[in-house]
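Novice: My questions are about this predicted structure, shown below with the sequence.
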Amino acid sequence: MDTPAAALRHLIEHRITAAEIAPVAALIGSDAAETSTRAAGTLMTRLLLTRFPGPGTRLLREDFGYRGTLSDGDLLTLAVEVAETLADGALRLRCAVRHAGGAAVLEGFAEVLPPATRDTGADTPFGTQPRRMLGRLLARCAGLPPVPTAVAHPCDGASLEGALLAARHGLIAPILVGPEARIRAAAAGARLDIAGFEILDTPHSHASAEQAVALVTQGRAAALMKGSLHTDELMAAALAREAGLRTERRVSHAFVMDAPLYPRLLVITDAAINIAPDLEAKADIVRNAIRLAHAMGIELPRVALLSAVETVTPKMVSTLDAAALCKMADRGQIQGGILDGPLAFDNAVSEAAARAKGIVSAVAGRADILVCPDIESGNMLAKQLAHLGGAEGAGIVLGLRAPVALTSRSDDATARLASAALLRLVAGG
């Protein structure tokens, strides 16, 4: 029961699920009964970012107190009320989460900077963040013809649904490559209609990868999409020299992340392919990421070269590499973006943190691309944003003659659709 969007008080009812309680309880402690109330804080933050004040809100501070327990199926009332207007347009909000009987689960205050343009979030279901990334990518693809895409081994419902969803949105024209009987069984099990789609029968996943790559080599496909096979199977086929897909540039992976607390999309690279890239590899990783940003409509992307510190020190190779990459950009060896580094993560995404450390930079606090020093840091950063920060993500492989939509087996259909949109943009034409 929502009050009018312009009101100073906002109320919703929400029935909590075990899926919302368990991750928070597991993070804080082993006793879910004692720690489950912390899930109310997650619900409240989600309300602030998606409904009131809504999309574009910046969360400055939270001061919540917790009591009682939560259980699967509990009906909760979440209330937010404007208590005070602070400097620079910020708001101090009185927040409460209560059981249906009125007992408080959470009480406290939050300080937020509301968006400059009002968005009521009326079309945004509570429990999800605004679909900024998907909406922007699909809008960017509008009017482009579907790209012929070899879908390697779509032998489960999720990967098959992702390919068909991308086809329905006009992003790809899929060729399904895999054991035909398994593909048809997956379609029947997920109640998907695959009539009219070409199926290229193969005996197993290795053959599926090889045949999908061969379609690109033959010119029948201009992009690749991963199905239910392992990533290394598909990439081994794509990187084989006889396949002819390699270029002089190093192959790299990029996540595009939409984090609720950050005002722009973030490209995070490399988190899936290059384990410990040297300077030459990092230069290509940066070039690939800049090309991706251009395809997404970011004309002059800001590239933050991450390290643990923001000063150059011989004891940390990542700081030396960052300094060298910046000089390469100064000399025109890397073009199309603005580079700065080394930058610690907080300085890359927070203007306040950069000011506190006296960093004067066109990139600090406003990065579009985060270049990680190695695969461990990149992979952990992307997954932390997704699983603890509520970020949406999409993944793509760059640097080959054809882009590869590289999704995780745990990705939902929306993430697969966003990856297909990236695929369409990078494929050009």
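Specialist: Thanks, I have it.

Novice: Tell me who's in contact with Pro179.
Specialist: Taking Cβ atoms under 8 Å, 6 or more residues apart in numbering, we find Pro179 in contact with 155, 201-204, 208. Yep, even glycine has a C-beta here, placed from its N, CA and C like the rest.

Novice: where does the chain dip in pLDDT?
Specialist: Flagging of the chain using pLDDT under 70 yields the residue ranges 1-7, 19-20, 22-36, 38, 56, 116-132, 412-414, 429.

Novice: and it, what are its domains?
Specialist: 9-118, 136-243, 252-399 (automatic domain parsing).

Novice: For those domains, give me TSV that also has distance to Arg409.
Specialist: Below are these laid out as TSV (distance: least, Cβ to Cβ, whole Å):
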stretch	distance to Arg409
domain 9-118	18
domain 136-243	7
domain 252-399	12
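
Novice: Between these, which one is closest to Asp411.
Specialist: domain 136-243 (7.4 Å; Cβ to Cβ).

Novice: That closest one: end-to-end distance?
Specialist: From the first residue to the last, domain 136-243 extends over 33 Å; the measure is Cα to Cα, to the nearest Å.

Novice: roughly how far out does that domain sit from the chain middle?
Specialist: 21 Å (Cα atoms, centre = their mean, to the nearest Å).

Novice: so where's the longest helix in the protein?
Specialist: Longest among the helix segments of the chain by residue count, using DSSP state H, is helix 279-295.

Novice: Beyond that helix, next helix or strand please.
Specialist: strand 302-306 (DSSP states H and E).

Novice: What helices and strands are in contact with that next one?
Specialist: helix 279-295, helix 317-330, strand 338-343, helix 345-349, strand 369-371 (3 or more Cβ pairs under 8 Å, 6 or more residues apart in numbering; DSSP states H and E).

Novice: and these, which is most packed in?
Specialist: Mean neighbour count (mean count of other Cβ atoms under 10 Å) peaks for strand 369-371 among those, with a mean of 28.

Novice: Figure out how far it is from the centre of its chain.
Specialist: Here the centre of strand 369-371 is set off from its chain's centre by 13 Å, with Cα atoms, centre = their mean.

Novice: buried set for the following helix or strand past it?
Specialist: With elements assigned by DSSP H and E, the helix or strand that comes after strand 369-371 is helix 375-387. Residues 375, 377-379, 381-383, 385-386 are the ones in helix 375-387 that count as buried (16 or more other Cβ atoms under 10 Å).

Novice: Just give me the closest of those to Ala329.
Specialist: Among these, Gly378 lies closest to Ala329 (Cβ to Cβ), at 20.3 Å.

Novice: Relative to Thr231, how far out is that closest one?
Specialist: Distance from Gly378 to Thr231, counting by Cβ to Cβ, to the nearest Å: 15 Å.

Novice: Can you list the residue ranges for strands in the stretch 1-150 of the chain?
Specialist: Secondary structure of the stretch 1-150 of the chain (DSSP state E, counting those that start in this stretch): strands at 9-15, 58-66, 75-85, 91-99, 104-113, 147-152.

Novice: Would you mind writing the CA trace of stretch 361-368 as PDB?
Specialist: C-alpha atoms of stretch 361-368 as PDB (Å, rounded to 0.1, in the frame of the first residue of the first chain):
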ATOM      1  CA  SER A 361      42.400  13.800 -11.300                       C
ATOM      2  CA  ALA A 362      39.900  13.700 -14.200                       C
ATOM      3  CA  VAL A 363      39.300  10.100 -13.400                       C
ATOM      4  CA  ALA A 364      39.200   9.800  -9.600                       C
ATOM      5  CA  GLY A 365      35.700   9.300  -8.200                       C
ATOM      6  CA  ARG A 366      34.200   9.200 -11.700                       C
ATOM      7  CA  ALA A 367      35.700   6.100 -13.300                       C
ATOM      8  CA  ASP A 368      33.900   4.300 -16.100                       C
END
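
Novice: what does that stretch rub up against?
Specialist: The contact list for stretch 361-368 (Cβ under 8 Å, 6+ apart) reads 264-267, 293, 298, 301-304, 338-341, 343, 347-355.

Novice: how does it look with 6 Å?
Specialist: 293, 298, 301-302, 304, 338, 340, 347-348, 350-351, 354 (Cβ atoms under 6 Å, 6 or more residues apart in numbering).

Novice: ok, now stretch 290-307?
Specialist: Residues from elsewhere that reach stretch 290-307 (Cβ under 6 Å, 6+ apart): 140, 254, 267, 318-319, 322, 325, 336-339, 341-343, 348, 363, 366-372, 425-426.

Novice: Can you get me the start-to-end distance on that stretch?
Specialist: Using Cα to Cα, the two ends of stretch 290-307 sit 19 Å apart.

Novice: With stretch 388-407 instead?
Specialist: Terminal-residue distance, stretch 388-407 (Cα to Cα): 19 Å.

Novice: Pull out the buried residues from that stretch.
Specialist: Going by 16+ other Cβ under 10 Å, stretch 388-407 has these buried residues: 390-400, 402-407.

Novice: Stretch 230-239 now?
Specialist: 231, 233-235, 237-239.

Novice: do stretch 75-82 as well
Specialist: The neighbour-count criterion (16+ other Cβ under 10 Å) identifies 76-80, 82 as the buried residues of stretch 75-82.

Novice: Ok, stretch 300-308 next?
Specialist: 301-307.

Novice: Next: stretch 102-111.
Specialist: 104-108, 110-111.

Novice: which other residues reach stretch 94-114?
Specialist: 37, 40, 44, 48, 53, 57-66, 68, 75-81, 83, 90-93.

Novice: Mind checking what secondary structure Ala271 has?
Specialist: Look at Ala271: counting by DSSP: H, G, I helix; E, B strand; the rest coil, its state is coil.

Novice: Likewise for the one 5 residues further on?
Specialist: Recorded secondary structure, Ala276: coil (three-state DSSP).

Novice: check contacts around it.
Specialist: Ala276 neighbours (Cβ under 6 Å, 6+ apart): Asp374.

Novice: swap in Leu91?
Specialist: Leu91 makes contact with 82, 112, according to Cβ under 6 Å, 6+ apart.

Novice: how near is it to Ala181?
Specialist: Counting by Cβ to Cβ, the separation of Leu91 from Ala181 is 59 Å.

Novice: still on that earlier bit, which member of the contacts of Pro179 is positioned nearest Ile275?
Specialist: Proximity of the contacts of Pro179 to Ile275 (Cβ to Cβ) peaks at Ser208, which lies at 25.6 Å.
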